[in-house]
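Asks: Predicted model and sequence below, questions to follow.
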Amino acid sequence: MSQLSIDSLSKAYGPVQALRDMSFEVRAGEIFGFVGSNGAGKSTTMRIVLGVLAADSGEVRWDGRPLDLHVRRRIGYMPEERGLYPRMRVGEHLVYLARLHGMSRTAAVAAMEHWTDVLGIDARRGDEVLKLSLGNQQRVQLAAALVHSPDILVLDEPFSGLDPVAVDVMSQVLRDQAAAGVPVMFSSHQLELVERLCDRVGIVRAGSMVAVGGIDELRSTPERRWEVDGPAPDDWLARVPAARLVSSEPASGSSAGTGAARRSVVEVANPDLADVDQELLAAALAAGPVREFARVRPSLVELYRHVVSSDESPAASDRTPAEVTA
Ligand SMILES: Nc1ncnc2c1ncn2[C@@H]1O[C@H](COP(=O)(O)OP(=O)(O)OP(=O)(O)O)[C@@H](O)[C@H]1O
């Protein structure tokens, strides 16, 4: 299956080591979310993928072969600094870009019409780019990335500054592209959106990939947590070895006091204990009725905070990424 492989990229800007051994892959038909704090190295990586910046070492491959000019021309790229000519009219601009990619005038006009329709900017075709709102300029920028029917999409913060309707439009376009087999890679600081939209996510810190995988896989941490709406944990938790209480509060609708139902979060740190959920449930049930019992998984925001804030020392970025997918 076609895939974009980013293999051990390193890049320094003078004394600033922007990338250290950055590696991951984006598979055909998947949406890959690239997240990390400001200055972590996302834009640098994407610029190297596109070929506007050279890596000091490492390689980018498509289908196992180093990216050449031919493949790079098949990338749809949305640069962080954007890159439209402000005085050019929207329609004319998109046709111009499509022509640069070798399309005939007829095909270029058809593609311009298609993408301005899909992205809801058809009424603005005759306007100069600078007359559009920033959100609409961004839609034009996405149209510019798509107008030549690229085989790969690399988008640097395509969602920043968009209103919720534009976010939906942009999300649907990315889903459609992935469904058509295009590998879609984008960076974003909007983690809820990344969680909703992406098949896989890479978390980057200080120029290295520190965690990569499917959202569900990343969320299955070794510390397994359950939320139990039932008897007070004092009455049953001690019967389950290796279980500890994380938090406990009166369950909604229950009166405070001894014996009242509580909503408790409990954790079992030992990942080798099989059927520990059954043990927890049986112990709780033996102490009283259980109204709800559910596995708690961290959100991407929680995961991100954990991964990005854990050990900020530079040496930490030399360690092996927490690769959780095969
Ligand atoms: N042209 C440049 N000259 C010097 N340093 C640069 C240059 N471009 C980026 N850097 C530095 O390289 C590091 C990585 O920057 P990069 O823009 O790749 O991060 P980013 O993850 O995209 O950040 P953000 O989320 O803020 O866009 C930062 O320390 C940045 O200051």
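Replies: Yes, it's here.
Asks: If Gly213 is in a bridge, with which residues?
Replies: For Gly213, the beta-bridge partners are Val201 (DSSP bridges).
Asks: shouldn't it be in contact with Ile203?
Replies: No - with contact defined as C-beta atoms under 8 Å, Gly213 does not count as touching Ile203 (9.5 Å). C-beta: built from backbone N, CA, C; applies to glycine.
Asks: quick one: which of these two has more around it?
Replies: Ile203 (26 against 20; other C-beta atoms under 10 Å).
Asks: For the more buried one, which non-adjacent residue is closest in space?
Replies: Distances taken as C-beta to C-beta, 6 or more residues apart in numbering place Ala211 nearest to Ile203, at 4.4 Å, with adjacent residues excluded.
Asks: need the contact list for Arg244.
Replies: Contact analysis of Arg244 by C-beta atoms under 8 Å, 6 or more residues apart in numbering lists 237, 266-269.
Asks: let's see 7 Å
Replies: By C-beta atoms under 7 Å, 6 or more residues apart in numbering, the contact list for Arg244 reads 266-267.
Asks: ok, residues contacting stretch 230-238?
Replies: For stretch 230-238, using C-beta under 7 Å, 6+ apart, the contacting residues are 243, 245, 248, 259, 261-262, 264, 266, 283-284, 286-291.
Asks: Most neighbours among the residues you listed, which one?
Replies: Ala284 (26 neighbours).
Asks: now the host helix or strand of that one: mean pLDDT?
Replies: Using DSSP states H and E, Ala284 falls within helix 276-287. Averaging pLDDT along helix 276-287 yields 92.
Asks: same deal with stretch 262-270?
Replies: Rounded mean pLDDT across stretch 262-270 is 87.
Asks: cool, and stretch 147-160?
Replies: Averaged across stretch 147-160, the pLDDT comes to 94.
Asks: what's the answer for stretch 243-259, then?
Replies: Mean pLDDT, stretch 243-259: 74.
Asks: quick revisit: show me which of the contacts of stretch 230-238 is closest to the ligand.
Replies: Closest approach to the ligand among the contacts of stretch 230-238 (C-beta to the nearest ligand atom): Val266, at 36.7 Å.
Asks: Helix, strand or coil: sort out the closest one for me.
Replies: strand (DSSP: H, G, I helix; E, B strand; the rest coil).
Asks: mind checking how far Arg82 is from Gln190?
Replies: Going from Arg82 to Gln190 by C-beta to C-beta, to the nearest Å gives 18 Å.
Asks: Count the residues that sit near Pro66.
Replies: 11.
Asks: One more: Ala54?
Replies: So Ala54, with other C-beta under 10 Å, has 8 neighbours.
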